[in-house]
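J.: pasting the sequence and the predicted model now:
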Amino acid sequence: VQDRPTWVPKNGDVERPNSARLYDYLLGGAHNFAVDRALAEEHIRVLPADEICRSSRSFLRRVVRLCVASGVRQFLDLGSGIPTAGNVHEVAQLAEPSSRVVYVDDEAVTVAHSRAMLKGNPRAAIAHADVRDHAAVLNSPEVRSLIDLDEPVALLMFGILPFLTGADEAAAVVAGYREAAAPGSLIAVSHFTADVEPALATKMVAMAAQRGTPITVRSKDQIATLFDGLELLEPGLVIASQWRGDGEVSGSPAAESVSWGAVGRVPHE
Ligand SMILES: C[S@@+](CC[C@H](N)C(=O)[O-])C[C@H]1O[C@@H](n2cnc3c(N)ncnc32)[C@H](O)[C@@H]1O
């Protein structure tokens, strides 16, 4: 029987690997178990998974700080994983304590861990919903109590759209949230691509399929269409590690080149 730290809820399965805890381990977090670590090490033997996760997290931090600096005080993090190792509420509430954050994930173990970890933070919660079901997300008790859709909101879609493998699924998801968001809202996307490092992207797709959570990569042109009608903030749609880079290097040039990233603003009419 493994140790059960206090952040593990009663229904948190610690015998089978969980992708959010795997991600936590790859980020250097402490919310993971031997089964998760073993799977993570398997990934690292094949590709620089830890560097890729760190690079993605560094982009997330820069985006959240920009949102706060732009005056946005509420965040909807779609496909969040567990909020650990420098997640949105930590970064946003450090910059501005009144920031409100709702995480969304459809995976039960991830949600259970997250609920336990967020207990005691009145301005952060997680909704258990499929991001494709806009109504379920936007009408969830967590969104209703923490997010005012008449005010600008930051809609964060980091690493989630590749899980929506259907041809039009990513565009439909972005469009639905955009329609619900007030002018001035910010939509941030990071999305895996094979444009720059095709061999590495092929390995990422294969590992994800092996885990039972298939992903798809998309080209720059496909990702650009997600921002149609939005005002792209500088520097536009670029490799995520280069988006307002602050000099921090998270890994090899290859690991830093697997995602496109951009932030768009919902225009005032
Ligand atoms: C790669 S992780 C990204 C974590 C986080 N956004 C980040 O970038 O650090 C993707 C997460 O999306 C969740 N997910 C996948 N498909 C989903 C869906 N249709 N609805 C809600 N969550 C989903 C998974 O459970 C997982 O926790």
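T.: Done, it's in. Bear in mind that the values here come from a model prediction, so they are computed numbers and not experimental data.

J.: chain neighbours aside, what residue packs nearest to residue 184?
T.: residue 152 (3.8 Å; C-beta to C-beta, 6 or more residues apart in numbering). Heads up, the C-betas are built off the backbone N, CA and C, glycines and all.

J.: model confidence for the closest residue in space to residue 87 that isn't next to it in sequence, exactly?
T.: Spatial nearest neighbour of residue 87, excluding adjacent residues (C-beta to C-beta, 6+ apart): residue 80 at 7.4 Å. The per-residue pLDDT reported for residue 80 equals 94.

J.: can I assume residue 80 sits in a strand?
T.: No: going by DSSP: H, G, I helix; E, B strand; the rest coil, the assignment for residue 80 is coil, not a strand.

J.: show me the contacts for it.
T.: 87, 88, 103, 104, 105, 114, 126, 156 (C-beta atoms under 8 Å, 6 or more residues apart in numbering).

J.: going along the chain, name the strands of the stretch 101-250 of the chain.
T.: 124-128, 154-158, 186-192, 231-232, 238-239 (DSSP state E, counting those that start in this stretch).

J.: now those as JSON lines including mean neighbour count, distance to residue 245 and mean pLDDT?
T.: Formatted as JSON lines, these follow (neighbours: other C-beta atoms under 10 Å; distance: least, C-beta to C-beta, whole Å; pLDDT from 0 to 100):
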{"stretch": "strand 124-128", "mean neighbour count": "24", "distance to residue 245": "27", "mean pLDDT": "97"}
{"stretch": "strand 154-158", "mean neighbour count": "24", "distance to residue 245": "16", "mean pLDDT": "98"}
{"stretch": "strand 186-192", "mean neighbour count": "25", "distance to residue 245": "14", "mean pLDDT": "98"}
{"stretch": "strand 231-232", "mean neighbour count": "12", "distance to residue 245": "17", "mean pLDDT": "98"}
{"stretch": "strand 238-239", "mean neighbour count": "18", "distance to residue 245": "9", "mean pLDDT": "98"}
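
J.: between the ones you listed, which one is nearest to residue 207?
T.: strand 186-192 (11.6 Å; C-beta to C-beta).

J.: direction included, what does the closest one pair against?
T.: Strand 186-192 has the following strand partners under DSSP bridges: strand 154-158 (parallel), strand 259-265 (antiparallel).
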